[in-house]
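Visitor: heads up, no residue letters with this:
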């Protein structure tokens, strides 16, 4: 065993290819921490690192056993290149798993308006609706207008609204409810459409 430990990487590869499995154990021990660190530095995930690490050395074993190792004097660079290629393969596989095929879905994803950015017409309609909503708010009683503005435009919680206006949370909720009901009524009475078909 001492004799094997004194061999170069290339001598160990030749010895392993001739059937001495202990030679590969020496190679593994000599390079495992470097290869593992290299993989982990890129993928930043312990399980993925371990999978790629094992696959790297399995691939090295198969290549040497099949007599296809030709990297004289460059074992470390060669083993790193195997690891690097497997990392790239792993990223490609992950990316492909995240892609949704339109054929796999009952709904046509490519022609679904809910998944699109919208057209110029949609933006014009939304802007008109927002403008109509602001006009309707002006017709509300002051206490309802105040709660609605605080909730939707200042994004306050009902507790914050209650504290600022000096009423209970239930009163603030009630004012919001009445504000919405009044706006719906005003919209119906004035034929204002507040939805996009």
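Guide: Noted; the coordinates are in hand. Note that the coordinates shown come from a computational prediction; the quantities given were computed from them, not determined experimentally. Numbering: from 1, shown residues only.

Visitor: Once you drop chain neighbours, what's closest to residue 145?
Guide: Nearest residue to residue 145 in three dimensions, chain neighbours excluded: residue 137, at 5.7 Å (C-beta to C-beta, 6 or more residues apart in numbering). Yep, even glycine has a C-beta here, placed from its N, CA and C like the rest.

Visitor: same question, residue 24
Guide: Using C-beta to C-beta, 6+ apart and skipping the chain neighbours, the partner closest in space to residue 24 is residue 16 (4.4 Å).

Visitor: correct me, but that neighbour touches residue 63?
Guide: No - taking contacts as C-beta atoms under 8 Å, residue 16 lies outside contact range of residue 63: 11.2 Å.

Visitor: Neighbour count: the two, which is higher?
Guide: Comparing residue 16 with residue 63 by other C-beta atoms under 10 Å, the one with more neighbours is residue 16, at 22 against 17.

Visitor: Give the full set of residues in contact with that one.
Guide: Neighbouring residues of residue 16 by C-beta atoms under 8 Å, 6 or more residues apart in numbering: 23-24, 27, 64.

Visitor: Kindly state the pLDDT recorded for residue 44?
Guide: On pLDDT, residue 44 comes in at 89.

Visitor: Can you report how many residues neighbour it?
Guide: For residue 44, the tally of surrounding residues (other C-beta under 10 Å) stands at 9.

Visitor: same deal with the one 10 residues further on?
Guide: Number of residues near residue 54 (other C-beta under 10 Å) recorded here: 11.

Visitor: Can you give me the buried ones in the helix or strand hosting residue 88?
Guide: Assigned by DSSP states H and E, residue 88 belongs to helix 75-98. Neighbour counts over helix 75-98 (16 or more other C-beta atoms under 10 Å) mark 75, 78-80, 82-83, 86-87, 90 as buried.

Visitor: what comes up buried for the lowest-mean-pLDDT helix or strand in the chain?
Guide: Using mean pLDDT, DSSP states H and E, helix 120-138 stands out as the lowest-scoring helix or strand of the chain, at a mean of 75. The neighbour-count check on helix 120-138 (16+ other C-beta under 10 Å) flags 125, 132, 136-137 as buried.

Visitor: what does stretch 41-53 give?
Guide: Neighbour-count burial for stretch 41-53, with 16+ other C-beta under 10 Å as criterion, is recorded at 42-43, 48-49, 52-53.

Visitor: would you turn those into a markdown table with secondary structure and distance to residue 180?
Guide: Shown next, in a markdown table, are these (DSSP: H, G, I helix; E, B strand; the rest coil; distance: C-beta to C-beta, whole Å):
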| residue | secondary structure | distance to residue 180 |
| --- | --- | --- |
| 42 | helix | 53 |
| 43 | helix | 51 |
| 48 | helix | 50 |
| 49 | helix | 54 |
| 52 | helix | 56 |
| 53 | helix | 59 |
